[in-house]
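Participant: sequence first, then the predicted structure:
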Amino acid sequence: MLESLLDDIALARERIWISTYIYRNDLMGRRFADAFASAARRGVDVRLLYDALGSHTTPAAFFEDMRARGIRARAYRPLGAVLRGGALFPREHSRIVVIDGAGYVGGAAWADEWLPRDEGGDGWHEVCSRVMGPCVTDMARAFECRWMLADEVAGRSFDYWTGGVYGDVEFITDAPAPPAVIYERHLARVRAARRRVWIENAYFCPPRGLERELIDAARRGIDVKIIVPRDSDLPAIRHASLARYTSWLENGLQIHEFLPSMLHAKFAVIDDDWATVGTFNANSTSLRWVSEANLIVKQPAFVRDAARLFEQDLGRSEAVRLDNLPRQGLFAQARNALWSFGLDLVEPRYAGAPHEAEREGGFLRALGV
């Protein structure tokens, strides 16, 4: 993905618009800042929208230097405004990249965690998708909405969903308020699954509604496989999921832990005609506090490629079974149960509500007005 991004940036003539949760002043951050500055010198409209909380370790001087080099860098919900009485949430967790006529969706951010190990990074495993066609215009509109609301202090945000406009592709970015479109699309498709539900997710400890649908699918004979990281950068989510492993396994879910590196991917494959890639973390924090962005693709060739990638990652993972569950002492079991209970506490009530996103058609709406 990095080389594809750098190639598109080098060829850009009109715009480079990037929304991200994390941007750091490390090897990767500086590498892309140089590429952005080079494009800005050519007259390209370069905009970087970074979340102030996710990027809080990056010195303000780094972004000031970006601005001096022609990059229009803007913080989303600056923490100073929050301290003056502004809303802390929602945070901008979605990643939206638009470079002329190409768009990118996925969980990657601009930090050394995503840089390959042979280039000095941590080599996190990520999955992203490059998009061409009319849907990129929708991605640009969604970016502009977030850009306009970057300094909003009242907690307002936007949802954007293309619905059934394009037939085989849907782009969704939604904020933490009903309807939770990305979540509901997952629920509806799992419920309709006929053969398989394969989910690869970095922070998998699903809201109870999705958990019930997955268990129901497994009980009716659907192949439900889940890939999660063995070693997580968010131990709280790992602890919460460990508390549920026994129940998941007893109810037919197949759990596999990815071994080579930190797994940060968030994608799913259902049957042969549905796949999604994006930033949606399959747990309640995504619904409660952050804006996410996902692409849903119903093209058989894309779904085949996504399934092939899942199978490759499965081969680099270890199956968790009831007879090889990690040994946990009483303290660890209590800790895990508390984290699981905590996720239940923050789960929004609308997470189990009727699934409004099953209707056709798209929308653009303002929240919290």
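Facilitator: Nice, I can see it. Residues are numbered from 1 along each chain as shown.
Participant: centre-most residue in the chain?
Facilitator: By Cα atoms, centre = their mean, the mean C-alpha position of the chain lies nearest to residue 279, the distance being 0.7 Å.
Participant: how near is that residue to residue 194?
Facilitator: Between residue 279 and residue 194 the computed distance is 27 Å (Cβ to Cβ, to the nearest Å). (C-beta placed from N, C-alpha, C; glycine too.)
Participant: how about residue 349?
Facilitator: For residue 349 relative to residue 194 (Cβ to Cβ), the value is 31 Å.
Participant: then residue 18?
Facilitator: Taken as Cβ to Cβ, the span from residue 18 to residue 194 is 38 Å.
Participant: do the same with residue 148
Facilitator: 42 Å.
Participant: what's the answer for residue 91, then?
Facilitator: 36 Å.
Participant: neighbour-wise, which of those two wins?
Facilitator: residue 91 (19 against 13; other Cβ atoms under 10 Å).
Participant: what's the nearest residue to the more buried one if we skip its chain neighbours?
Facilitator: Nearest in space to residue 91, with sequence neighbours left out and distances taken as Cβ to Cβ, 6 or more residues apart in numbering, is residue 290 at 4.7 Å.
Participant: check contacts around the one you found.
Facilitator: 21, 89, 90, 91, 92, 93, 94, 176 (Cβ atoms under 8 Å, 6 or more residues apart in numbering).
Participant: just give me the closest of those to residue 226.
Facilitator: residue 93 (21.1 Å; Cβ to Cβ).
Participant: correct me, but the closest one touches residue 291?
Facilitator: Yes - contact criterion Cβ atoms under 8 Å: residue 93 and residue 291 qualify, at 5.9 Å.
Participant: quick check: neighbours shared by those two?
Facilitator: Residues touching both residue 93 and residue 291 (Cβ under 8 Å, 6+ apart): there are none.
Participant: can you pull the pLDDT of the nearest residue to residue 109 once chain neighbours are set aside?
Facilitator: Nearest residue to residue 109, sequence neighbours excluded (Cβ to Cβ, 6+ apart): residue 22, at 3.8 Å. Reported pLDDT at residue 22 in the predicted model: 98.
Participant: cool, residue 88 as well?
Facilitator: For residue 88, pLDDT reads 88.
Participant: let me see the contact set for it.
Facilitator: 53, 77, 82.
Participant: list the buried residues of the helix or strand that contains residue 331.
Facilitator: Taking DSSP states H and E as the criterion, residue 331 maps to helix 330-346. By neighbour count on 16 or more other Cβ atoms under 10 Å, the buried set for helix 330-346 is 335, 336, 339, 340, 343.
Participant: which residues touch that helix?
Facilitator: For helix 330-346, contacts defined as Cβ under 8 Å, 6+ apart pick out 205, 208, 236-237, 239-244, 283-285, 288-289, 328.
Participant: by pLDDT, give me the weakest of the residues you listed.
Facilitator: residue 328 (90).
Participant: residue 280 versus residue 287, what's the distance?
Facilitator: For residue 287, the distance to residue 280 - Cβ to Cβ - is 9 Å.
Participant: these two: who's more crowded?
Facilitator: Taking neighbours as other Cβ under 10 Å, residue 287 and residue 280 compare with residue 280 leading, 28 against 24.
Participant: tell me which of the contacts of helix 330-346 is nearest to residue 134?
Facilitator: residue 289 (31.4 Å).
Participant: burial of the closest one, as a residue count?
Facilitator: Applying other Cβ under 10 Å, we find 17 residues neighbouring residue 289.
Participant: cool, and residue 217?
Facilitator: Residue 217 has 22 neighbouring residues, counting by other Cβ under 10 Å.
Participant: in the helix or strand hosting it, which residues are buried?
Facilitator: In the assignment (DSSP H and E), residue 217 maps to helix 208-219. Residues of helix 208-219 classed as buried: 209, 210, 211, 212, 213, 214, 215, 216, 217, 218 (neighbour count, 16+ other Cβ under 10 Å).
Participant: with stretch 145-158 instead?
Facilitator: By neighbour count on 16+ other Cβ under 10 Å, the buried set for stretch 145-158 is 145, 146, 147, 149, 150, 152, 155, 157, 158.
Participant: residue ranges of the strands in the stretch 1-150 of the chain, please?
Facilitator: 15-20, 45-51, 72-76, 91-92, 96-99, 102-106, 128-132 (DSSP state E, counting those that start in this stretch).
Participant: which of the ones you listed sits most buried?
Facilitator: strand 96-99 (a mean of 26; mean count of other Cβ atoms under 10 Å).
Participant: next secondary structure after the strand or helix carrying residue 288?
Facilitator: Using DSSP H and E, the element containing residue 288 is helix 284-289. Using DSSP H and E, the helix or strand that directly follows helix 284-289 along the chain is strand 290-297.
Participant: against which helices or strands is the next helix or strand after that following strand packed?
Facilitator: Going down the chain from strand 290-297, the next helix or strand is helix 300-314, by DSSP H and E. Helices and strands touching helix 300-314, by 3 or more Cβ pairs under 8 Å, 6 or more residues apart in numbering; DSSP states H and E, are strand 196-201, strand 223-229, strand 266-270, strand 274-278.
Participant: what lies in contact with the first one?
Facilitator: Strand 196-201 is contacted from outside by 127, 190, 214, 217, 222-228, 258, 263, 265-271, 281-282, 307, 310, 313, using Cβ under 8 Å, 6+ apart.
Participant: that strand: how far from the chain's middle?
Facilitator: On the basis of Cα atoms, centre = their mean, to the nearest Å, strand 196-201 sits 15 Å off its chain's mean C-alpha point.
Participant: can you tell me who the closest residue to residue 318 other than its chain neighbours pairs with across the strands?
Facilitator: Spatial nearest neighbour of residue 318, excluding adjacent residues (Cβ to Cβ, 6+ apart): residue 257 at 5.3 Å. Taking DSSP bridges, one finds residue 228, residue 318 as the beta-bridge partners of residue 257.
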